[in-house]
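Engineer: requesting a structural model of the entry that follows:
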Amino acid sequence: MIKPENIPDDQWEVFEITPLYRRSRHWIDREAGSYVQRTEFLADDQIQALNAEERASRDGKRWSAGAGSEKGGNVPMIRVARTPLNKFFADLAPRLKVGDQDYMRWWLQQDKNQPFRTKSGRV
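Structural biologist: Here you go, the predicted structure:
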C-alpha cells in the first residue's frame, strides 16, 4: 500500500486550491484512473506560527504560570497544542473514538508533531 507521506513532493500534481486547502494527487496508474490524493490545510503555517510564538513566550515558565493557580486558585485547563482540524480528524479522532485516551499525549510527544505544541517539555 502506498503511503502519501512516502511520496516526494515533486511527484504530486496540484489540481485544486481554495482559500482553506490545496489538493494534490500522485498517479499510480493513469490509464486505470487510480491515484493517491492528499489535502493540505493552508492555515497550517499560521497555526504553527502561533504555536511557535506561544511556545517561545511560555518556555522556562511553569505550565500554569499566569493562569491563576499561583494565587491559590484551582489550576485551570491549559492549552498544550493547536492542531488543524484535518490533522485532528485524520490522526487523533479515530483513536479517541475507541477510547484510547493516552494516544493524544503520545502523539503530542512525537518530534514530528512539535510544531503543534504550545509549550516545550512533556505533556
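Engineer: packing partners of the helix or strand bottoming out on mean pLDDT in the chain?
Structural biologist: Using mean pLDDT, DSSP states H and E, the weakest-scoring helix or strand in the chain turns out to be helix 85-87, at a mean of 80. Under the contact criterion of 3 or more C-beta pairs under 8 Å, 6 or more residues apart in numbering; DSSP states H and E, helix 85-87 touches strand 34-41. In this view, the C-beta of every residue, glycine as well, is placed from N, C-alpha and C.
Engineer: now with 10 Å?
Structural biologist: Counting contacts by 3 or more C-beta pairs under 10 Å, 6 or more residues apart in numbering; DSSP states H and E, helix 85-87 is packed against strand 34-41, helix 44-58.
Engineer: adding distance to Arg122 and mean pLDDT, write these out as CSV.
Structural biologist: Shown next, in CSV, are the helices and strands packed on helix 85-87 (distance: least, C-beta to C-beta, whole Å; pLDDT from 0 to 100):
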stretch, distance to Arg122, mean pLDDT
strand 34-41, 27, 88
helix 44-58, 14, 87
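Engineer: save those as TSV, and put in mean neighbour count and distance to Thr18 too.
Structural biologist: Putting the helices and strands packed on helix 85-87 into TSV (neighbours: other C-beta atoms under 10 Å; distance: least, C-beta to C-beta, whole Å) gives the following:
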stretch	mean neighbour count	distance to Thr18
strand 34-41	14	10
helix 44-58	14	14
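Engineer: what segments of this protein are strands?
Structural biologist: Secondary structure of the chain by DSSP state E: the strands cover 13-17, 21-29, 34-41.
Engineer: other residues contacting the least confident helix or strand of the chain?
Structural biologist: 20-21, 39-41, 43-44, 47, 93, 107, 113, 116 (C-beta atoms under 10 Å, 6 or more residues apart in numbering).
Engineer: right, I'll leave it there.
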